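Student: With the sequence up front, the predicted model follows.
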Amino acid sequence: MSQAKQQYETLQKKMEQTVIEATSGGGSVTVKMDGRKQALNEAGRKVDQAMQSNVSGMLGGLGGIL
């Protein structure tokens, strides 16, 4: 069992170090993802933050209308 655990940990470390890059839209969008898929998650969080910031800015401009 110890050997299986060691092999799993070795594979996990290798996957963490593996980075895959993909492009779309004729190269206008590039995504890099590690074996844990964290890069994609971080990009999703950044998109959420940008959207929230934009919506807050638009709503702030409406002032007393709402």
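Tutor: Yep, it's here.
Student: and the helix or strand residue 44 falls within, how far from the chain's centre?
Tutor: Using DSSP states H and E, residue 44 falls within helix 38-62. Between the mean C-alpha location of helix 38-62 and the chain-wide mean there is a distance of 13 Å, by C-alpha atoms, centre = their mean, to the nearest Å.
Student: likewise stretch 25-34?
Tutor: When C-alpha coordinates are averaged (C-alpha atoms, centre = their mean), stretch 25-34 and its chain have centres 12 Å apart.
Student: what does stretch 5-24 give?
Tutor: Average the C-alpha atoms of stretch 5-24, do the same for its chain, and the two points are 16 Å apart (C-alpha atoms, centre = their mean).
Student: so for that stretch, what's the average pLDDT?
Tutor: Per-residue pLDDT values over stretch 5-24 give a mean of 90.
Student: returning to that earlier point: outside of the helix holding residue 44, which residues touch it?
Tutor: With contacts defined as C-beta atoms under 8 Å, 6 or more residues apart in numbering, helix 38-62 is touched by 19, 31, 32, 33, 66. For glycine as for every other residue, the C-beta is placed from the backbone atoms N, C-alpha and C.
Student: Show me just the buried residues among those.
Tutor: Burial by neighbour count, judged by 16 or more other C-beta atoms under 10 Å, picks out residue 33 from the contacts of helix 38-62.
Student: Can you add distance to residue 50 and secondary structure and give the contacts of helix 38-62 back as JSON lines?
Tutor: Output for those, formatted as JSON lines (distance: C-beta to C-beta, whole Å; DSSP: H, G, I helix; E, B strand; the rest coil):
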{"residue": "19", "distance to residue 50": "23", "secondary structure": "strand"}
{"residue": "31", "distance to residue 50": "16", "secondary structure": "strand"}
{"residue": "32", "distance to residue 50": "18", "secondary structure": "strand"}
{"residue": "33", "distance to residue 50": "19", "secondary structure": "strand"}
{"residue": "66", "distance to residue 50": "22", "secondary structure": "coil"}
